[in-house]
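A.B. asks: pasting a predicted model and its sequence here:
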Amino acid sequence: SQPGAATPVAAPMRDLVWGKLNVLHTTDTHGWHGGHLQESQYSADWGDYVSFAEHLRRTADEQGVDLLLVDTGDRVEGNGLYDASSPKGQYYYDIYREQHIDILSTGNHELYQASTADEEHRQTVPNFRDNYVASNLDYIDPKTGERSPMAQRYRKFQTKNQKLDIVAFGFLFDFTGNANNTVVQPVKETIQEEWFQGAIREQADIFVVVGHVGVRMQEYKDIFNAIRKQNWFTPIIFFGGHVHVRDAIAYDSRSFAIASGRYFETIGWMSVNGDLKKSKAPSVEAALSFNRRYIDNNLLGLYYHTGLNDSTFPTEHGRNVSTAIAKARKELDLDHNFGCAPRDYWMTRTPYPHDSSIYTWLEKEVLPEVAVSPSRKDIPRLVILNTGAIRFDIFKGAFTRDTTYIVSPFLSVLKYIPDVPYDVASKVIVLLNNAGQIMNVASDGVPDARFMAIPEQLAIHESITYPDAASLHSDGKADSDGQQQKPLGTGSKDGGEPSLVEGYTTEDDIGTDGDDAVHSNINFYVVPNCIQAEVGFPASDEEGGSSPPDTVDLVFFDFIQPWVLLALKFSGGEDYSAKDIQQYVEGTFTELMVGWIKENWPKDC
Ligand SMILES: O=c1ccn([C@@H]2O[C@H](COP(=O)(O)O)[C@@H](O)[C@H]2O)c(=O)[nH]1
């Protein structure tokens, strides 16, 4: 782990179940390769993962079974280690490549900005030349304009120890928000292609599908059906991402899919047992068993699974990678403190609105002060932020350069339409938050309205709350110890048994025993797609009432422009179009937010 990272804490553990084929899975790491320095639960880093994989590979060799590593994209955007350099990713590409990954694919975050897609093509694809798979993604060369597959369409190889024949695919969901230097082919079209139809007819002991696709999304069902139609008995395993949750599902008795969370909090584990080698198997219908484990990225857990300790666990290679990360973090000055958060601010651990909701803080304190255009400062405005623009909680204590990108990594700017009649503008937020029911987004070519919210809500549609969840005290105030997780053994509920550490308590289709560490519950409150701040409105009169202005400036994050224009159409503003939209203030929202923190939060914690 990194210097200064929270000391790992122990928890009651569940073992890894080994099979003939075993797979470690990372997804949606979003630049968190230095680990979670503020959270004891997830504070191991990419170097520790390199050591972990080295030990498990040795175990696999000793047992004569196989271990593969896979990664399903969204490796960038979301942490200072990637975002704080100029150009972005100056250190990340060389750090990431140090892990040996057998099959990897692209996420949507590698494609939002043309420059990110260029770097993916220029660096990560060649760094993993034989292993990178791009089944439905093309890249357009900026110089020649030539369109070609981002990487090989599929990968066929044999495993090291059992010589299992693997046919692997690498997919991205039907993403439409990519910059114009890539082309994402809808999955339904890809599976009709001649090359795919040929690939699923290859001799395979097992098909492995890695993809930046939620395991319950239609795209994966379509791929499963296409492979299964051609291969009645061959096992098919899927590794999914994008939705930021831990999840597992079996599409039938000879297939299995897992999703392994987000932000390098989780290392997914899947094992398949049974007679996998077709030539050796007397019956292709012989029973298979699948196991999954969601490994907390916690050093103590990694020691536990390898039977090692702090002196025997780090390998030379792993140690060197941790050192390279520490050097990069230092050069990027990621620990530079901009101000001290007076309390924790949660995304989903508290309801919105709430004093400790990050969205209430933005609505009441930040947006009113940063959404100010010098030339229009006297004009009342409605300022709309999509909740998905915020990526992580703020913990009480130092708000650093790293925290900046952890909370707000995107290059979003504030746009506006001037002088919109109030009765039209005020309906927009209602429509954005109830879009599915009111606006037919898909038929207007506007993406699914759920993309405005946080990715977790693609999977979680209703709040999940527990009577014993401990993120709030009974007086409604957030815990104020500055850490998301409370170390095991530091306290007990009644002076008896030590309290469990708060963390994932996953329930998937297989059951409730997926997490490697036993945790206490954390609440998850569903948040709206968007929140709105009313800024510069006339002050209330003595009776507490005031009439709204006739017109307002409608200010919003550029990311939600398509939905805002559609909502305006539905609320009586059908004449508005992209031509009416201008930038409202200079600078990205991230810069504005940090400016606010520098001004408003004390420097000394
Ligand atoms: O500029 C942007 C880009 C993305 N978002 C939000 O992020 C999610 C996608 O997150 P994943 O990690 O890919 O699942 C998107 O739906 C938006 O909510 C954004 O707000 N601004």
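C.D. replies: Cool, the structure landed.
A.B. asks: helix, strand, or coil at whichever residue of the stretch 251-400 of the chain sits closest to the ligand?
C.D. replies: At 1.9 Å from the ligand, Gly388 is the closest residue in the stretch 251-400 of the chain, using CB to the nearest ligand atom. (C-beta placed from N, C-alpha, C; glycine too.) Counting by DSSP: H, G, I helix; E, B strand; the rest coil, the backbone at Gly388 sits in helix.
A.B. asks: tell me, how many residues neighbour it?
C.D. replies: Neighbour count for Gly388, taken as other CB atoms under 10 Å: 21.
A.B. asks: wait, it touches Pro455, no?
C.D. replies: Yes - when contacts are counted by CB atoms under 8 Å, Gly388 is listed as touching Pro455 (7.1 Å).
A.B. asks: quick one, what contacts the residue of the stretch 501-605 of the chain found nearest the ligand?
C.D. replies: Closest residue of the stretch 501-605 of the chain to the ligand, CB to the nearest ligand atom: Phe559 (3.8 Å). By CB atoms under 8 Å, 6 or more residues apart in numbering, Phe559 lies in contact with Asn386, Gly388, Ala389, Phe410, Ser412, Met452.
A.B. asks: between those residues, which has the most around it?
C.D. replies: Neighbour max across these (other CB under 10 Å) = Met452, 26 neighbours.
A.B. asks: what bridges to Ala168?
C.D. replies: Arg155, Val208 (DSSP bridges).
A.B. asks: doesn't Phe207 make contact with it?
C.D. replies: Yes - when contacts are counted by CB under 8 Å, Ala168 is listed as touching Phe207 (7.5 Å).
A.B. asks: how about the worst-scoring helix or strand of the chain on mean pLDDT: buried residues?
C.D. replies: Lowest on mean pLDDT, DSSP states H and E among the helices and strands of the chain sits helix 435-438, with a mean of 73. By 16 or more other CB atoms under 10 Å, the buried positions in helix 435-438 come out as Ala435, Ile438.
A.B. asks: just checking, what packs against whichever helix in the chain runs longest?
C.D. replies: In the chain, assigned by DSSP state H, the helix with the most residues is helix 46-63. If contacts are counted by 3 or more CB pairs under 8 Å, 6 or more residues apart in numbering; DSSP states H and E, helix 46-63 sits against strand 21-26, strand 66-71, helix 299-306, helix 316-331.
A.B. asks: name the residues that touch the second one?
C.D. replies: Yep, that's strand 66-71 we're talking about. 20-27, 29, 53, 56-57, 59-60, 99-105, 159-162, 164, 166, 208, 210, 239.
A.B. asks: from the residues you listed, list just the buried residues.
C.D. replies: 20-27, 29, 53, 56-57, 59-60, 99, 101-105, 159, 161-162, 164, 166, 208, 210, 239.
A.B. asks: wait, Asp243 sits on Ala459?
C.D. replies: Quick fix: residue 243 is Val, not Asp. Yes - if you go by CB under 8 Å, Val243 and Ala459 touch, sitting 4.7 Å apart.
A.B. asks: more neighbours: these two, which one.
C.D. replies: Comparing Val243 with Ala459 by other CB under 10 Å, the one with more neighbours is Val243, at 25 against 17.
A.B. asks: residue contacts, that one?
C.D. replies: Gly214, Val215, Arg216, Met217, Ala259, Pro455, Glu456, Leu458, Ala459.
A.B. asks: any figure for the gap between the last one and Ile295?
C.D. replies: What it means is Ala459. Remark: distance between Ala459 and Ile295 (CB to CB, to the nearest Å) = 20 Å.
A.B. asks: now swap in Asp61 and tell me
C.D. replies: 20 Å.
A.B. asks: now Asp355
C.D. replies: Distance, Asp355 to Ile295, using CB to CB: 35 Å.
A.B. asks: over to Asn178?
C.D. replies: For Asn178, the distance to Ile295 equals 31 Å [CB to CB].
A.B. asks: which residue of those two possesses the greater neighbour count?
C.D. replies: Ile295 (27 against 20).
A.B. asks: so that one lies in a strand, does it not?
C.D. replies: Yes - judged by three-state DSSP, Ile295 forms part of a strand.
A.B. asks: could you say which helix or strand holds the closest residue to it other than its chain neighbours?
C.D. replies: Excluding the flanking residues, the one nearest Ile295 by CB to CB, 6 or more residues apart in numbering is Ile267, at 4.3 Å. Ile267 belongs to strand 266-273 when assigned by DSSP states H and E.
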